[in-house]
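Enquirer: Give me a model of this one.
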Amino acid sequence: MTAPINRFQGIWIPLVTPFHGQDNRLDLEAVKKLVIHLINQGIDGLIVGATTGESATLTHAEHNELLKVVLDTVKDQVPVMVGISGSDTVEVAKNIKHYSNHFEISGFLMSAPAYVRPSQQGIIHHFEAAAAATDLPIAIYNIPYRTGVNIELETLQHLSRNPQFVAVKESGNGDISQLNDQISHTSLNILSGEDSIIFVCSCLGGQGAISAAAHIRPDLYKKMHELIGEGDLVKARQINDALQPFIHLLFSEPNPAPVKAALGIMGLIQDNVRLPMTVASPELKAKLEVALTKILAFNVD
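Expert: Residues are numbered from 1 along each chain as shown. As a prediction, the model looks like this:
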C-alpha cells in the first residue's frame, strides 16, 4: 500500500546489512534486532538496499530475503522504502516493477545512473521510466560524487510535475546554495544526505535527513530537527555540537565500516563488511569506543 506522501520527512535510516561468519552470510537475526532497536528510538522510516546497506555486494535473492525480514519485523510501524540504483534504465524499471509487485513497500529511493554520466534529459527519461513501472512514490537521490552527474534544479522541477516524485535526498558535496535552491524552488520534500549538515538543512526549511550516522542515537537527530521546527535553536545547536565530532569519526573511513563498528561495540551486530569494503581500523575503533560513551550518555539540557 502506498504510504502517504507527507510521511517522507523526519529522520530515515539507510539500514546497514548485518553479516556473520567467515563467509559473511546475511545475519537475519541481527537485522531483526537492529530494526526493533531503531524503531524503539523513534525513527521515521527505513531504506533497505541503499549504499550504506552494501547493496552492490548483495545478490538478487539476498535483496529479497533482507527486505522480507525487515518488512516482517517492522509490521507497518514505520514506512520502508527500497534503494534502487543502476545505469541500465530498462533493468532499473524491471527491478522497480518486481519490488512493487511482490512486496508491501512504501516506495523507492533512486539515484541517477552512475558512471555513464547522462545529460539532464537522459536523467529525466531514466526517472520517468522508473515511475512508469510503479504506482509507488519515488524519492530522488542526488549524490554526484558517486554517480558522476549532478541532478540540476531544473531537472528536479520538471520531475516534480509528476506527483510520484515526492522528495530529494541531497548529497551534493555540501553545496549549501544548491540545497537552499531545492528547498526554496521545488515542491519536493528535501532531506539532507550529508550527515554533517542536517542542522543546516533543517534551518533552511528542509524536511529531515536520510542519515547513516543516525543509526546511533537517532532520537537525538529527530529531537534536533523538531527543535528547529519549534524555533528553539539554542537546544538544537547543543545537540548538533554534541553530534558533530561523532559524525566526523563515522565518516573518517569509508561508510559503512565505521557505523558497523559502532553498532558492533553496542552489541547490535557483528561489524563484518564485504569486499571491497574493509572493516574499521583498530585506531578508529578505539576512538569510537570513547566517543560512543559520550554520545550514548548525552541528554539535552
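
Enquirer: Please count neighbours and contacts with C-alpha atoms only from this point.
Expert: Will do.

Enquirer: ok, now how distant is the spatially closest residue to residue 173 that is not a sequence neighbour from residue 22?
Expert: Using Cα to Cα, 6 or more residues apart in numbering and skipping the chain neighbours, the partner closest in space to residue 173 is residue 145 (7.1 Å). With distances taken as Cα to Cα, to the nearest Å, residue 145 is found 32 Å from residue 22.

Enquirer: which of these two has more neighbours?
Expert: Comparing residue 145 with residue 22 by other Cα atoms under 10 Å, the one with more neighbours is residue 145, at 12 against 7.

Enquirer: and the gap between that one and residue 167?
Expert: In this view, residue 145 and residue 167 are 20 Å apart by Cα to Cα.

Enquirer: same deal with residue 251?
Expert: Counting by Cα to Cα - residue 251 and residue 167 are separated by 24 Å.

Enquirer: out of the two, which sits in the more crowded spot?
Expert: When residue 251 and residue 167 are compared on other Cα under 10 Å, the one with more neighbours turns out to be residue 167, at 25 against 17.

Enquirer: got the contact list for that one?
Expert: Applying Cα atoms under 8 Å, 6 or more residues apart in numbering, we find residue 167 in contact with 8, 138-140, 188-191.

Enquirer: just to revisit the earlier point, for the residue nearest to residue 173, give its distance to residue 111.
Expert: From residue 145 across to residue 111, the span is 12 Å (Cα to Cα).

Enquirer: Check residue 199 too.
Expert: Distance, residue 199 to residue 111, by Cα to Cα: 23 Å.

Enquirer: Of those two, give the one with the bigger neighbour count.
Expert: Neighbour count, other Cα under 10 Å: between residue 199 and residue 111, residue 111 has more, with 26 against 23.

Enquirer: Looks like the more buried one contacts residue 87 (just checking).
Expert: No. Residue 111 is not in contact with residue 87 according to Cα atoms under 8 Å; the separation is 9.6 Å.

Enquirer: how many neighbours does residue 293 have?
Expert: Residues near residue 293, counting by other Cα under 10 Å, number 11.

Enquirer: tell me which residues in the helix or strand that contains residue 295 are buried?
Expert: Per DSSP states H and E: residue 295 is located in helix 282-297. Across helix 282-297, burial judged by 16 or more other Cα atoms under 10 Å covers 284-285, 288, 291-292, 295.

Enquirer: From the contact counts, what lies against it?
Expert: Applying 3 or more Cα pairs under 8 Å, 6 or more residues apart in numbering; DSSP states H and E, one finds that helix 282-297 contacts helix 233-250, helix 257-265.

Enquirer: Okay, buried residues for the longest one please.
Expert: By neighbour count, and taking 16+ other Cα under 10 Å as the criterion, the buried residues in helix 233-250 are 233, 235-237, 239-240, 242-243, 246-247, 249-250.

Enquirer: Quick check: next helix or strand after the worst-scoring helix or strand of the chain on mean pLDDT?
Expert: Lowest mean confidence among the helices and strands of the chain (mean pLDDT, DSSP states H and E): helix 144-147, at a mean of 94. Reading on from helix 144-147 to the C-terminus, the next helix or strand found by DSSP H and E is helix 153-159.

Enquirer: farthest-separated two in the buried residues of helix 282-297?
Expert: 284 and 295 (15.8 Å; Cα to Cα).

Enquirer: what are the ranges of the helices in the stretch 1-150 of the chain?
Expert: 28-40, 60-74, 89-102, 120-132, 144-147 (DSSP state H, counting those that start in this stretch).

Enquirer: would TSV of those helices with distance to residue 50 be doable?
Expert: As requested, the helices of the stretch 1-150 of the chain are exported to TSV (distance: least, Cα to Cα, whole Å):
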stretch	distance to residue 50
helix 28-40	15
helix 60-74	11
helix 89-102	14
helix 120-132	17
helix 144-147	13
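
Enquirer: Which of those has the lowest mean pLDDT?
Expert: Lowest mean pLDDT of those: helix 144-147, a mean of 94.

Enquirer: Would you mark the buried spots in that helix?
Expert: Residues of helix 144-147 classed as buried: 144, 147 (neighbour count, 16+ other Cα under 10 Å).

Enquirer: Surely residue 83 touches residue 109?
Expert: Yes. Using Cα under 8 Å, residue 83 is in contact with residue 109, at 4.7 Å.
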